[in-house]
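Novice: Take this sequence and fold it.
(2 chains)
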Amino acid sequence: MLYDSSVEIKNLMDSLPDDLLSRAQRGDEEAFGLIFAHHHRFIYKFIYAMVGDESVAEELTQETFLGAYKGISSARGESKLRTWLCGIAKNTVYKFMRSHRRQALKTDDEVESINVVDEKNSLPDRQFLNKELNRLIQSALEKLDDDKRLIFTLKELQHLSYNEISEITGYSIPKLKTDLHRAKAEMRQRLAPLLLGGQK
Amino acid sequence: MNCEKYLNLIDDLIEGELSVEQGAGQVNSHLQICPECAAYYKTLEQEKEIYAHYLFDVEPPTDMWTKFQAKAKPEAEAVSLQIPETANASSGWKTNIARFFRLYPALGFALVLVAAFGIALWKFAPGENPNGDEYIAEKESNNVREIAPQSGEIKENETENLLTKDDIDKFVASPKFVKSGDQKNKFLNGKPNGKTINKLVAVKTPKANEKTISAVAVAVDKRQKAPGIAQPSEEQLRQLQLSNLEKATTEQFEKIELLLRSFRNARRVEGADFYDVGYEKQQARKLLERNVWLRQMAGSYGTLYTEEILDKVEPFLLDIANLENNPLPEKIQDIKERVRNQNIIASLQIY
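Specialist: Residues are numbered from 1 along each chain as shown, chains lettered A, B, ... in the order given. Got it, this is the predicted structure:
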């Protein structure tokens, strides 16, 4: 069973001092700084997976935390902090995507034509493969529609529970399961040549 | 075999969303006897392994907090009040407002705009201030009327007298100050919207014989100061450092766990008698350096358990980092065995 540690890791990441949120709500700058320190990496990665661009991810992460900073009084409960921040990040990303619709995407043919094994070298460099792999995953992710990409990112890449994702997106759990299943199938189809190659 | 009903459950199982009560045991038993479903499960498992690498090296820039501080501009919270200078202040509020507009047209216009938006917001989102940072109220004679939970163009050079906190306290404590209980309490505590009033400014109408003072209380939001500028106490500093250490350790363990899983799944090079672990070696070198530093930090902060786990994983990082270019299967197997026997991955999970 893979990545069964995600829950423990998440819990650990969430283990902030008990009164941190209430301190931040009272205007304690240090407390907000701690919230930022604990959560910005997770939020940045989430946004990066959604937009696939480092500088945009940085900008939107800043926007997310500015929104959180201004609206900290509406946050409810330490345990929900990550979900709350993710909700703000999701809205920020959707707003960005609405105003900057993604550019023309690569065609499936292009994905399939990428040769991840250097023909001249019988021993492909693993780092190169990983880089290529990430590029292809990103390309496949971009082809998912916004909602499927959101659900796939939160579940497959960031290991949130269905309950948490439901809270962030407002979707029912059956819908999440269906969309995730479809998203995985689409990803599988697009990455098939690569996945098969990787299983040698 | 009726595999149809198991497909969704296999999805749930792989996502860690299927408890024993929900049938995890049953699905596992089915996987033992059904090669098709076992193959499907294996595919999902391999996909997860691949996706796990996607965000592995994605890291935010290190100066994000500094940039954030620069962006979080100061925002003032303003509370405008009018307090009676004498007990017999009696001029009508309409007259006063008309005078105010005549004397301060720009400010008056701004207040009207603010009021319009504010009232709308107040009506549709009771108790909720979208900005969460500004608040304006107006008092005329004996009645206080909230204008808006919004910003106002109140400038210091448009004010004349400074009021003390006592002035405001006296005012809001008086029975003349008519507000809802909650809001009144916030004013009584000197914390409209939960923030501290630390500066009160009065705007005096020019006709002093009107015996009325319009007062503007500017409650400066403590958060407007750039976060981090305030000098933290020694204990706060220690807590912050500990928290950063904990965060860094968590990231380190997350990466080590992925590395060990990747190493565990390393495959023999096709047609050769050695393994391709070049990527793992490189990762181990990177993690090793950080591990030594974190272990020393954990030691100096007295976080013994963290230090112990960091100490426990270090030999494995060292061994993987020091593997020769084309390591023999025995060497790989030896490390794999030790990882398994010492339950390293489980230790990282339990932490």
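Novice: contacts and neighbour counts: CA atoms only from here.
Specialist: Noted.
Novice: just the helices in chain A please.
Specialist: Using DSSP state H, the helices of chain A run over A:6-13, A:20-25, A:29-51, A:54-70, A:81-99, A:108-113, A:126-143, A:146-152, A:162-169, A:173-198.
Novice: just the angle between the fourth one and helix A:29-51, please?
Specialist: Orientation note: helix A:54-70 sits at an angle of 140 degrees relative to helix A:29-51 (axes from the mean of the first three to the mean of the last three Cα atoms, to 10 degrees).
Novice: Show me the contact partners of helix A:54-70.
Specialist: Residues from elsewhere that reach helix A:54-70, judged by Cα atoms under 8 Å, 6 or more residues apart in numbering or on different chains: A:32, A:36, A:40, A:43-45, A:47-48, A:51, A:85, A:88-89, A:92-93, B:60-61, B:64, B:68, B:71-72, B:130-133.
Novice: chain center to it, what's the gap?
Specialist: Chain-centre distance of helix A:54-70: 14 Å, with Cα atoms, centre = their mean, to the nearest Å.
Novice: if we can go back for a sec, quick one: the helices of chain A as CSV, columns for mean neighbour count and mean pLDDT too.
Specialist: As requested, the helices of chain A are arranged in CSV below (neighbours: other Cα atoms under 10 Å in any protein chain shown; pLDDT from 0 to 100):
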stretch, mean neighbour count, mean pLDDT
helix A:6-13, 16, 40
helix A:20-25, 20, 85
helix A:29-51, 22, 90
helix A:54-70, 20, 93
helix A:81-99, 18, 91
helix A:108-113, 13, 44
helix A:126-143, 18, 80
helix A:146-152, 21, 94
helix A:162-169, 18, 92
helix A:173-198, 16, 84
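Novice: What separation do you get for the residue in the stretch 51-200 of chain B that chain A sits nearest to and A:K131?
Specialist: With Cα to the nearest Cα, the shortest gap between the stretch 51-200 of chain B and chain A falls at B:Y54, namely 5.3 Å. Relative to A:K131, B:Y54 is positioned 9 Å away (Cα to Cα, to the nearest Å).
Novice: Equivalent analysis for A:L176, please.
Specialist: From A:L176 across to A:K131, the span is 29 Å (Cα to Cα).
Novice: What residues sit buried inside stretch B:20-36?
Specialist: Using 16 or more other Cα atoms under 10 Å in any protein chain shown as the test for burial, stretch B:20-36 gives B:A24, B:V27, B:H30, B:L31.
Novice: List just the nearest of these to B:R295.
Specialist: The nearest member of the buried residues of stretch B:20-36 to B:R295, counting by Cα to Cα, is B:A24 at 38.5 Å.
Novice: can I assume that closest one is in contact with B:L13?
Specialist: Yes. B:A24 is in contact with B:L13 according to Cα atoms under 8 Å; the separation is 6.6 Å.
Novice: Contact partners for B:S29?
Specialist: By Cα under 8 Å, 6+ apart, no residues touch B:S29.
Novice: what helix or strand is it on?
Specialist: B:S29 is part of helix B:24-33 when elements are defined by DSSP states H and E.
Novice: just for chain B, where's the confidence low?
Specialist: Counting by pLDDT under 70, the low-confidence segments of chain B come to B:1, B:73-234, B:349-351.
Novice: residues contacting the residue nearest to the spatial centre of chain A?
Specialist: Nearest to the geometric centre of chain A sits A:F46, at 2.7 Å (Cα atoms, centre = their mean). Applying Cα under 8 Å, 6+ apart, we find A:F46 in contact with A:T153, A:L154, A:Q158.
Novice: Please enumerate the helices of chain B.
Specialist: Using DSSP H, helices in chain B cover B:4-14, B:24-33, B:35-52, B:64-71, B:93-103, B:105-124, B:165-173, B:181-188, B:234-264, B:278-301, B:304-321, B:329-341, B:344-350.
Novice: Run the angle between the first one and helix A:173-198 for me.
Specialist: Relative orientation of helix B:4-14 and helix A:173-198, computed by the same axes, to 10 degrees: 80 degrees.
Novice: So which bits of helix B:4-14 are buried?
Specialist: Within helix B:4-14, the residues that count as buried by 16+ other Cα under 10 Å are B:Y6, B:L9, B:I10, B:D11, B:D12, B:L13, B:I14.
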